[in-house]
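> no sequence for this one, just the structure:
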């Protein structure tokens with residue numbers, strides 16, 4: 001009986017560690033205008049298309065001197081997206 005209890009405790013502990021070690025979901029979203037920003041979820045807006053990239057996409061790009069892509073780092077409350085460099089709240 002003690003071995004079953006011990007084994008159950010080990011399995012439960014291992015499951016808890018694995019759950020806490022899972023990476024958080026985060027993305028870089030980009031629109032057709034070249035505006036890119038950090039987001040925690042994927043969403044849709046009527047008539048707007050977004051390309052989603054892994055969170056580390058930012059670190060593998062050159063943002064300075066690129067006339068076609070712009071990194072938007074300002075923080076906004078709630079859900080939304082950029083259109084023409086302006087934040088649109090959903």
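Alright, I've got the coordinates. What you see is a predicted model, and the numbers here were worked out from it, not measured in a lab. Numbering: from 1, shown residues only.
> where exactly do the strands run in the chain?
27-30, 35-39, 51-54, 70-71, 80-83, 86-89 (DSSP state E).
> between those, which one is closest to residue 3.
Minimum separation from residue 3 across the strands of the chain (Cβ to Cβ) falls at strand 51-54, 43.1 Å. Glycine gets a C-beta too; all of them are placed from N, C-alpha and C.
> pLDDT of stretch 50-66, averaged?
For stretch 50-66, the mean per-residue pLDDT is 87.
> residues of it that come out buried?
50, 57 (16 or more other Cβ atoms under 10 Å).
> least trustworthy helix or strand in this protein by mean pLDDT?
For the chain, counting by mean pLDDT, DSSP states H and E, helix 2-21 ranks last in confidence among helices and strands (a mean of 58).
> so for residue 62, which of the strands of the chain sits nearest?
strand 70-71 (10.4 Å).
> report all helices and strands that that closest one contacts.
Helices and strands touching strand 70-71, by 3 or more Cβ pairs under 8 Å, 6 or more residues apart in numbering; DSSP states H and E, are strand 35-39.
> can you give me the mean pLDDT across the strand it packs on?
92.
> coming back round to it: now render the strands of the chain as JSON lines, adding distance to residue 60.
Below are the strands of the chain laid out as JSON lines (distance: least, Cβ to Cβ, whole Å):
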{"stretch": "strand 27-30", "distance to residue 60": "10"}
{"stretch": "strand 35-39", "distance to residue 60": "12"}
{"stretch": "strand 51-54", "distance to residue 60": "9"}
{"stretch": "strand 70-71", "distance to residue 60": "13"}
{"stretch": "strand 80-83", "distance to residue 60": "20"}
{"stretch": "strand 86-89", "distance to residue 60": "25"}
